[in-house]
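Peer 1: sequence-free structure coming up:
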């Protein structure tokens, strides 16, 4: 949860939760009537039905935005936890104005659970990395990531397509790394194409255990 201690979201909410949902735009318009009809149309998709029910039930207690492939919610901590626990597989990040994280620098994110339960670093790649890396640098990085699956995780589809030569262009993206020592070889191989590295700092009493649903 990144620090934002100077203001509240919409002047009211402390928590922002972000989910990667490729079909998020299907929720427009977000009226109750439309969401009910959407549930009828997609009866077999549990995530669609559960998200529609959540919005209908809690729309007066939160704000939300549906963007291309993303769903973003602004709420209190209880609704944020309910969203993260309910849509854990789609969750990609959270931010908060909670003052307990007011000593974090701009590239450190405080969190209750580490991403995918174990990754402490998120390496962001520049959108024009295809112009900055040679084929050898690109290949070396991809081979390193593929051979370090216990310590590295690439989930971004655009980045995977670029590494696997399915697309000649890099549209940015990120991958996860468990420990700081893994960053050294990554920098050696690919520093020119790295935009930034985000560090996740787990709250002292936070848990990395995935919620049973």
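Peer 2: That came through, no problem. Note that the coordinates shown come from a computational prediction; the quantities given were computed from them, not determined experimentally.

Peer 1: going forward, measure contacts and count neighbours with C-alpha atoms only.
Peer 2: Will do.

Peer 1: tell me which element residue 168 is part of?
Peer 2: Assigned by DSSP states H and E, residue 168 belongs to neither a helix nor a strand.

Peer 1: List phi and psi for it.
Peer 2: With angles defined as degrees, to the nearest 10, residue 168 sits at phi -80, psi -10.

Peer 1: so where does the nearest residue to it once chain neighbours are set aside fall, helix or strand?
Peer 2: In space, residue 168 comes closest to residue 162 once its chain neighbours are excluded; the distance is 6.1 Å by CA to CA, 6 or more residues apart in numbering. Using DSSP H and E, residue 162 maps to helix 157-163.

Peer 1: ok, residues contacting that helix?
Peer 2: Residues from elsewhere that reach helix 157-163 (CA atoms under 8 Å, 6 or more residues apart in numbering): 138-139, 142, 154, 167-174.

Peer 1: same thing but 7 Å
Peer 2: For helix 157-163, contacts defined as CA atoms under 7 Å, 6 or more residues apart in numbering pick out 142, 167-173.

Peer 1: Stretch 177-192 now?
Peer 2: Around stretch 177-192, the neighbours that count as contacts under CA under 7 Å, 6+ apart are 118-122, 132-133, 137, 140-141, 151-153.

Peer 1: Any idea which residue is closest to the centre of this structure?
Peer 2: With distances taken as CA atoms, centre = their mean, residue 92 lies nearest the centre of the chain, 1.8 Å away.

Peer 1: For that one, list the residues it contacts.
Peer 2: 18-20.

Peer 1: From residue 108, how far off is it?
Peer 2: Counting by CA to CA, to the nearest Å, the separation of residue 92 from residue 108 is 15 Å.
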